[in-house]
Structure formats: C-alpha cells, structure tokens
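In: Structure, please.
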Amino acid sequence: MSKRRRQTKGERRKEYNHSPAVRSERVKPSLERSRLVTREGSRFALPISYSDLTNHKPSFQEVDTLISRFDRKATFLMLAMLNTLLSFVEMRSERAKRVQGFLFSNLCDDELFDLAKQKFGSEQMDERPLFHRQQLLTTMRNVLMKASDNGSLNPNEGEVKEARFALGRLAAMFNDLMEPDEQAKKLAPGDEEANRERIHDELFVQLLPTFELSNPPNLAQAIVRNREYLRIFAENSAVLTFSENLTLALKFQTMAGVELHRYLQLLYCIWARYEVESESVENLINEPHRFNVGTETFAQMNVGPEELRAVFNLVASTIGGLKERVRLESKNEGLLPHHGFREFRERPLVYTNDTNNIATVIDMGFLVEKMSAGVFHTIAEVFRGTPDNQSDDMKSDHDRFIRRYWGEIFEIYVNERLCEVFKWSKKHFLTSPTYDSPKRTKGKQAFDGLINYGGAVIAMEYKGKFLKLEAKYGEDRRVLMDDLNERFGKAARQLAYNIELCFNTQEDHRAAFSVKDQNNQKVLSLTNDEIHNFTSIYPVVIVQEHALRIGFANHWLRTLFQAEIADRSVDLTRIRPLSLIAIEDLEVTLPYLRDLSLVSILDEYAKNQDPLISFKHVLNNLIRNRPYVPNRPDRWLDRKIHELHEEIKPMFLTPAET
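Out: As a prediction, this is how the structure comes out:
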C-alpha cells in the first residue's frame, strides 16, 4: 500500500461500507434505465457499472481477452460460491451490505475501490451494488465457454490477489455489457397514447427476467403445492394414466430411478442443509467447504447410493456438462446471453471433484425454483428422454403430461384450496360450474371457479401454463406479447365470453349453470334473481407462472380484457377491472379471507396504476392499514410442512443403525 495514504485500506473500506444512505436523482428508477434489480414491493437496486466508475465502456473483445486468461473450473467454482453467497442474503438488507462489503474488499483493486468510494461513497451498498446475481451468473456462463482449461489466473489461490482483482474487474465490465444500447433506444419517449403503451410493454419485457430472478418462489409454499399435486395425481390415477397404464409415480420412477415423492424429500433436505449454513455469513466466508454437499451429507440417512445418484443426476452437472448445455442454449438466437440461465436452473448444483460425489450450489434461488416450477420441468425432461432414447409412447406421455394433466391438476388444487377457505359457507363457492342451458353450451364449463359474495361475484379462470423461454428471456416485445396472448390471453377471452353468457343484459339470453355431483345432480346453482342483484362482477385469472407476479403482466391482461368485454351485451358499469393473481399470491391471501373479503382486496388492487407494484405488495399495505386485521399465519401450510418433516424423520438412522 502506498505510504502517501493517511488511512489504511481496511480503514478506508470500513468507512465506505458503513456510509449513510443519501437519496440522489441517479438512484431513482427511471424509464430511461431499464436494468434494475427488481425486488418484491418495488424496491430497486441500481447496479454500478464499469463505465460509471472508469468512464470507459468495455468492448466484448476486451472482455473475451480477459476471460481467456482464467482457469475455467477454478474460476467457475469461485463464482458459484460468490453468487450463492449473494443469493443467501439478497432479501436480507443488513447481511446484503455485509456481503457487498466483503466482495468489494476482496474483488476490487485499489483503483476500482477508490473510484467507487469517490463516486458512490454516500450511497448504501445494497442500493448501489457493484456485484449482483445476474451479473455473476452471466460471468459464469461466459467463463464456461471462453476460459481456458489451464488458464494462468486462478482466483482460488489465496495469496495471489491479481486473479481475484481481475475477476472483480471482469464482473464489473459485464454490468455494462448487459445493457445493450438498442434496448435503451426502445424506451424513447413519445406523445401518442399508442407510443406510451409501446414503452410500457418495452419496460415489461426488459424488467421481467430481472424481476423473476430477484423474487424467487417461497420454498414452503412451493414444495407443499407440488406435494399436493402428486397427491391429486395419485387420487386420480385411474384416469390420469400413462403408457402401459402406469401412474405418474411409477412412470417417473421407472425412467428416473427414484420415486417422485422421495426425490422431493431429498431435494428438500439439500435445501435445508444450505438454509442452516446461510444463517452465518462469516462461517461461509471463513470455511468455504460449507458450500458443498455430497454423499457424506446423507451418511446419517437411510438413502441408498443408487437412489442418491438418481437424485443428483436430476439436479447436478459437471463443469463439462454445463459447458455443453450453455453451448446448446447459445444456438437459440431468441435468447439473450444475460437472461434465462436455463442450464443453471435445470442443474442448480455443480460437481467440484472428478468422482462426482461432492457438489456445490450455483444459486439458492434456482435450487428453490427446482422445487417449484422445476418439478414440472423435471418430470417433462424425464418423460421426454434423450435423443437416443425416445419412442412414440414417450412422446405421447410427455405431451399428455404437459398439455392436459398438469392443467387439470392445477385446477383441482386451486378449487380445493378455495373450498377449504369457504367450507364454513358452501353457497359462497362454486367449483367448476357447468351450463344447464342453452342446448349449445349444456354440459360445458362456465368458469373454473366462482365466488358468490351476495352483492358481488368473482368469476375465475385458472391457467397452469408457463411462458416459453424466448418470451421471457429474449427481450423482444412482440415475442412476449404473442406468447402472453396465446397462453394467457385465452383466459381473458373466456371470461369475457362466459360473463356475457351468464350475465347478459337480456334475461332470456342468459345461460343457467350449476355445480353437479358425481351423479350429475345439481348441488349449487346461481339463480336469475341472484344474477339480477349483483352490483359488481370481478374477473380474475389465477396463474402458475411465477414471473407473472410482476404488475406489468396484470396491466397487460387487464387491458386485453377491457377490449374483449367492451362490445359485449353486458352492463359495463357492473364489470370491475380484471385481476391477474399468481398462485403463490393467492396462497398468501387465503388466511386473511377471514378478516377481509377478496372483493375488498381486488378493489384495492384495481386502484393501483403503477405497473411495478405487485399484488402481494397491495395486500401487505391493505393489511398494514387495517388495525383490526391480525397477523394470520397459514395454519394449513404449517400443518403440511409438519407432515413433510414427519415423513422425513424415519429416513434418519438411529445411532444403533449407523
């Protein structure tokens, strides 16, 4: 360190790490800057770019030249640990500052550190981070493809700081390369209404991948929901069958080598191990082996080696395997290289040794996703088979699963959850009602679910589909809008059609509908008198696609519904704005329906005009502003997690058995 400095490096860095937050115009989210790290509740962290610090925007060639000097395996594993560290603390503000301070101190050379302190020293490190997950994941992807098998730069060599500082500079450069100039040009303002809608849609497509990355699913909800899906599959195994009359469980076990419930249980155990480790950032920093998981992790459990290998085959990959996945992914011109990360989402663990019995997690958010939507994608992957192991039966089973069964299971699950809430007054909830008349619609389903609040009715459609990769991660407005229209626009059109059919302004044009039992006998009906007395009709679409929790999606589907309903024969004064609700947000809402009507929540959501505000954020504000509403833990969820723990307990060996 230079003698001319009055402070030691540690003193300078401590001063920077604990500087107070100062609001500035450049921190505020703006329409001109699309690369925002978006968090639940619309909290934003605007990353510091390399050009912010150095006034030099790096070129791809400059970055590629630097990457080629790194050792591929050592650098990738180092980045995996650093990214995991960030994913542990991303939603925990104080710990996030601690980790940012650690990364600044260990990855920034004196030049970058002094520039950061000079230009951003007055701002909180978690609001203006230099390092973040999207950046490190992008760096990891490029290291896989462009680093050397025997590179001279190894950031794991403890005493050699050059490699770590070079890695920090490389990561900072990617903050610039993830902001293509053409994307900023698409946000150019205009005066026409159509142009404003275009800008709105451009913001949607540009923010969607980052919102999804920064808001991973809730683990407890995700794993319980998927366990319920498997239960529903088992209970309906007589009709939800696959080739050779196999059930889902038997089909998966035959092809994957592990029973499906067991797979989820062991995956949950891996997550739980990391969750315990994440409680101490210091332990992880000082003892890097804590990032690893392997066969020894299950030494105290009754898990056979074949079963364990089958699980790891579904969640882990070698460095070479990940490189090949990235190579194949890069052929898809519809995907941007700094979005998606399907190769890491599909395999959130990477082996650290040549015997493939020890692995480290790449990203905790992706590990959680593996137990959320990842269950669907894992089953689909297993059923699809490999290019050299495919048959007509496999294709048929794969298509049957993704095109029919999964959506049917989702509908049953949502209706079961709503029935549980409204069981105290069954007349309030109609499960999958079907038409009694007229002849052309008799027997067809009117709505997936309908809640009768007396003066108001909530008509619902459920969609268990997921956006295609190119729509989510290509930053192409047209591709996203087309895919949304194909997969979810149908729900808005169905609601408009059926609302007109059921609530037509002309009474003699209305179609009667009811809920029927197994013997096709009417259990619940909606009478014309009730329909006449409804003052408000609330259209609701419930989706399984986690990324659609972003408020932009609600705005888009609401606008589509408004256009669909506008020319129909209904009293438009009774039609409320459509609300798009992700299943996770619905699950959070259910315990509060004792104190709040869903109608009041939807009214509050309809007032919100900010497309960055999520449904959950609106719900939290509503609860906070109602002093009579107590904190409502989800007893149903707690009970299901307890059941999971009770199932796992017998898997642990007693001292005598070990």
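In: CA atoms for contacts and neighbours, from now on please.
Out: Noted.
In: Low-confidence bits of the stretch 51-200 of the chain, can you list those?
Out: Scanning the stretch 51-200 of the chain with the threshold set as pLDDT under 70 gives 91-93, 124-126, 158-159, 180-194.
In: surely residue 138 meets residue 338?
Out: Yes: checked against C-alpha atoms under 8 Å, the pair residue 138 and residue 338 is within contact range at 5.2 Å.
In: which residues of this protein fall in strands?
Out: Residue ranges of the strands in the chain, as given by DSSP state E, are 37-39, 43-45, 292-294, 316-317, 349-351, 358-361, 429-431, 434-435, 449-452, 456-463, 513-516, 522-525, 536-543, 579-582.
In: In the stretch 351-500 of the chain, where is pLDDT below threshold?
Out: Along the stretch 351-500 of the chain, segments meeting pLDDT under 70 span 424-427.
In: distance of residue 371 from residue 632?
Out: Between residue 371 and residue 632 the computed distance is 25 Å (C-alpha to C-alpha, to the nearest Å).
In: And residue 84, by the same measure?
Out: 32 Å.
In: So which of these two has more stuff around it?
Out: Shown here are residue 84 and residue 632; by other C-alpha atoms under 10 Å, residue 84 has more neighbours (24 against 14).
In: what's near enough to touch the more buried one?
Out: Counting by C-alpha atoms under 8 Å, 6 or more residues apart in numbering, residue 84 touches 361-364.
In: any idea which of these has the most stuff around it?
Out: That'd be residue 362 among those, by other C-alpha under 10 Å, with 29 neighbours.
In: how long is stretch 606-623 end to end?
Out: One end of stretch 606-623 to the other measures 16 Å (C-alpha to C-alpha).
In: any residues touching it, and which ones?
Out: 40-42, 549-555, 577-579, 581, 585, 589, 601, 604-605, 629.
In: And it, what's buried?
Out: Neighbour-count burial for stretch 606-623, with 16 or more other C-alpha atoms under 10 Å as criterion, is recorded at 606, 611-619, 622-623.
In: Which of these fall within helices?
Out: 606, 615-619, 622-623 (DSSP state H).
In: The stretch 51-200 of the chain: helices as residue ranges?
Out: Along the stretch 51-200 of the chain, counting by DSSP state H, counting those that start in this stretch, helices occupy 60-67, 72-89, 93-107, 110-120, 133-146, 161-177, 181-185, 193-214.
In: out of these, nearest to residue 386?
Out: Minimum separation from residue 386 across those (C-alpha to C-alpha) falls at helix 133-146, 23.0 Å.
In: got the angle for the closest one vs helix 60-67?
Out: Here helix 133-146 points in a direction 70 degrees away from that of helix 60-67 (axes from the mean of the first three to the mean of the last three C-alpha atoms, to 10 degrees).
In: packing partners for helix 133-146?
Out: Applying 3 or more C-alpha pairs under 8 Å, 6 or more residues apart in numbering; DSSP states H and E, we find helix 133-146 packed against helix 60-67, helix 72-89, helix 161-177, helix 319-330.
In: Any chance of those in a markdown table with distance to residue 352 as columns?
Out: Listed next are the helices and strands packed on helix 133-146 as a markdown table, based on distance: least, C-alpha to C-alpha, whole Å:
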| stretch | distance to residue 352 |
| --- | --- |
| helix 60-67 | 20 |
| helix 72-89 | 7 |
| helix 161-177 | 19 |
| helix 319-330 | 8 |
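In: what's the closest of those to residue 285?
Out: So among the helices and strands packed on helix 133-146, helix 72-89 is nearest, using C-alpha to C-alpha, at 8.5 Å.
In: How far away from the center of its chain is the closest one?
Out: Chain-centre distance of helix 72-89: 20 Å, with C-alpha atoms, centre = their mean, to the nearest Å.
In: Likewise for stretch 643-653?
Out: That offset, for stretch 643-653, works out to 28 Å (C-alpha atoms, centre = their mean).
In: Same question for stretch 167-183.
Out: On C-alpha atoms, centre = their mean, the centre of stretch 167-183 falls 23 Å from that of its chain.
In: which residues touch that stretch?
Out: With contacts defined as C-alpha under 8 Å, 6+ apart, stretch 167-183 is touched by 35, 47-51, 57-60, 63, 66-67, 107-108, 112, 130-131, 135-136, 138-139, 155, 206, 338.
In: Filter those residues down to just the buried residues.
Out: 35, 47-50, 57-58, 63, 66-67, 107-108, 112, 130-131, 135-136, 138-139, 155, 206, 338.
In: Mind jotting down where the helices sit in the stretch 501-650 of the chain?
Out: 528-533, 551-565, 583-589, 598-607, 615-624, 635-648.
In: Specify the angle between the fifth one and helix 598-607 in degrees.
Out: Taking the same axes, to 10 degrees, one finds that helix 615-624 is oriented at 120 degrees with respect to helix 598-607.
In: on that earlier part again, which one, of the helices and strands packed on helix 133-146, ends up nearest to residue 289?
Out: When the helices and strands packed on helix 133-146 are compared by C-alpha to C-alpha, helix 72-89 sits nearest residue 289, at 9.9 Å.
In: list the buried ones in the closest one?
Out: Those would be 72-89, for helix 72-89 by 16+ other C-alpha under 10 Å.
In: what's the angle between it and helix 319-330?
Out: Going by the same axes, to 10 degrees, helix 72-89 makes 80 degrees with helix 319-330.
In: CA atoms only for helix 72-89, dumped as PDB, please.
Out: Output of helix 72-89 as PDB, limited to C-alpha atoms (Å, rounded to 0.1, in the frame of the first residue of the first chain):
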ATOM      1  CA  ARG A  72     -12.200 -22.400 -16.300                       C
ATOM      2  CA  LYS A  73     -13.000 -24.800 -13.400                       C
ATOM      3  CA  ALA A  74     -11.400 -22.900 -10.600                       C
ATOM      4  CA  THR A  75     -12.900 -19.600 -11.700                       C
ATOM      5  CA  PHE A  76     -16.400 -21.100 -12.200                       C
ATOM      6  CA  LEU A  77     -16.400 -22.700  -8.700                       C
ATOM      7  CA  MET A  78     -15.300 -19.400  -7.200                       C
ATOM      8  CA  LEU A  79     -18.100 -17.500  -8.900                       C
ATOM      9  CA  ALA A  80     -20.600 -20.200  -7.900                       C
ATOM     10  CA  MET A  81     -19.700 -19.700  -4.200                       C
ATOM     11  CA  LEU A  82     -19.800 -15.900  -4.500                       C
ATOM     12  CA  ASN A  83     -23.100 -16.000  -6.300                       C
ATOM     13  CA  THR A  84     -24.500 -18.400  -3.700                       C
ATOM     14  CA  LEU A  85     -23.400 -16.000  -1.000                       C
ATOM     15  CA  LEU A  86     -25.400 -13.200  -2.700                       C
ATOM     16  CA  SER A  87     -28.400 -15.500  -3.200                       C
ATOM     17  CA  PHE A  88     -28.400 -16.300   0.500                       C
ATOM     18  CA  VAL A  89     -28.600 -12.700   1.600                       C
END
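In: ok, back up a step: just put the strands of the chain in CSV and tack on distance to residue 269.
Out: Below are the strands of the chain laid out as CSV (distance: least, C-alpha to C-alpha, whole Å):
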stretch, distance to residue 269
strand 37-39, 27
strand 43-45, 31
strand 292-294, 11
strand 316-317, 15
strand 349-351, 14
strand 358-361, 13
strand 429-431, 36
strand 434-435, 43
strand 449-452, 36
strand 456-463, 30
strand 513-516, 41
strand 522-525, 43
strand 536-543, 28
strand 579-582, 26
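In: Mind checking those for the one nearest to residue 648?
Out: Per C-alpha to C-alpha, nearest to residue 648 of the strands of the chain: strand 292-294, 18.1 Å.
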